[in-house]
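Student: My questions concern the predicted model and sequence given below.
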Amino acid sequence: MDVLFIYSGKGGVGKSTFAVNLAYSLPGLRVGLFDADFEGPSIPTMVSGVEEEPMVAEGLGIHPGTYAGICISSSGLIENNGLSRSLSGKYLEGALDQLLIKARWDVDLLIVDMPPGTSEIHHQLLRLLQGRCLLITTPQTVSFADTQKGIDLIRRMEVPLLGIVENMSQFQCECCGHSTAIFSGDTHGMLAVPNGLQVLDTFPIIPEISAKGNEGIPFVLANPEHPVSTRMAGLGRQLVILLTQKFNTWSVH
């Protein structure tokens, strides 16, 4: 099983929305999705409108829920959930053990939607799982600063970085198709180049992406022929290739 961490040091960059839509853009692969944000799990809301088989307890672990063919584990799927709060130490270890390590993942690729920041859960996840990391950022200086902290953590933990995806690169009008840059940061020059990384793709802000997330239907399922969905599928194919390659985790110091 390959593992792909979806990560950004900054919150509010659309990371979970990206992770969900990527999971549904990988035909031919059995895909799992782990929601590692215990304080604010959002993935259950984003898939609440699709056909499901609920997550259930199984022995000391769980059997992930199945949502339109994707296996999902999240603390937000637990009824009367008392886990959606800050966890640390043995409590965090226990939650990860039950919801992640002892979960019955029968998948080819596990996507881990990591919370923002550089806290204890990030260290535990990166130690527990051998995987590779994809960074998500918006093109703004405040996001670059937090994402840089994340890059430094990932490299200290010797986890290979596949590259950067620039989200919310521009606002695209649904009526006329005109695009307007909302943020003025240079992701390539200010973040990618200094760290020896590539910007693998860029994605615009489209109101319907958020609207579909609120309805619980991933955008790429609702609009499979949309240019954004086509672009996401292309990125998915690129990531599958990158996951099979060998990387030097310390190519840039």
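Tutor: Right, received. Where do you want to start?

Student: use CA for all of it now, contacts and neighbours both
Tutor: Noted.

Student: and residue 41, how far is that from residue 233?
Tutor: 25 Å (CA to CA, to the nearest Å).

Student: Point out where the chain drops to low pLDDT.
Tutor: 80-85, 246-253 (pLDDT under 70).

Student: Report the outermost residue of this structure with respect to its centre.
Tutor: Most distant from the centre of the chain: residue 176, at 30.2 Å, with distances by CA atoms, centre = their mean.

Student: helices or strands next to the longest strand anywhere in the chain in the packing?
Tutor: Longest strand in the chain, counting residues (DSSP state E): strand 161-172. When contacts are defined as 3 or more CA pairs under 8 Å, 6 or more residues apart in numbering; DSSP states H and E, strand 161-172 packs onto strand 132-137, strand 179-180, strand 199-205, helix 227-243.

Student: how does it look with 6 Å?
Tutor: Applying 3 or more CA pairs under 6 Å, 6 or more residues apart in numbering; DSSP states H and E, we find strand 161-172 packed against strand 132-137, strand 179-180, strand 199-205.

Student: Any idea which of those gets closest to residue 242?
Tutor: With CA to CA, the closest approach to residue 242 among those belongs to strand 132-137: 9.4 Å.

Student: Provide a list of residues in contact with residue 109.
Tutor: Contacts here follow CA atoms under 6 Å, 6 or more residues apart in numbering; on that basis residue 109 touches 1, 2, 3, 31.

Student: Quick check: phi and psi at the closest residue to the first one other than its chain neighbours.
Tutor: It refers to residue 1. Spatially, and ignoring its direct neighbours in sequence, residue 1 is nearest to residue 108 (4.9 Å; CA to CA, 6 or more residues apart in numbering). Per-residue torsions, residue 108: phi -90, psi -30 (degrees, to the nearest 10).

Student: Tally up the residues packed near residue 86, please.
Tutor: With neighbours defined by other CA atoms under 10 Å, the count for residue 86 comes to 12.

Student: do the same with the one 3 residues further on
Tutor: Applying other CA under 10 Å, we find 10 other residues in the vicinity of residue 89.

Student: How about residue 198?
Tutor: 16.

Student: just to revisit the earlier point, which of the contacts of residue 109 lies closest to residue 194?
Tutor: residue 3 (25.8 Å).

Student: Would you confirm that the closest one contacts residue 131?
Tutor: Yes. Between residue 3 and residue 131 there is a contact at 4.5 Å, judged by CA atoms under 6 Å.

Student: can you map out the strands along the stretch 1-150 of the chain?
Tutor: 2-7, 31-35, 52-53, 56-58, 61-63, 65-67, 70-74, 109-113, 132-137 (DSSP state E, counting those that start in this stretch).

Student: So what does residue 225 look like in phi/psi?
Tutor: According to degrees, to the nearest 10, residue 225 has phi -100, psi 0.

Student: That one and residue 73: what is the separation?
Tutor: 28 Å.

Student: Which of the two has more residues huddled nearby?
Tutor: residue 73 (30 against 11).

Student: List the contacts of the more buried one.
Tutor: 34, 64.

Student: Give me the neighbour count for residue 60.
Tutor: The burial count for residue 60: 10, using other CA under 10 Å.

Student: Over to residue 63?
Tutor: Residues near residue 63, counting by other CA under 10 Å: 22.

Student: tell me which element the residue farthest from the centre of the chain is part of?
Tutor: Residue 176 belongs to no helix or strand when assigned by DSSP states H and E.

Student: From residue 71, how far off is it?
Tutor: Residue 176 is 37 Å from residue 71, by CA to CA.
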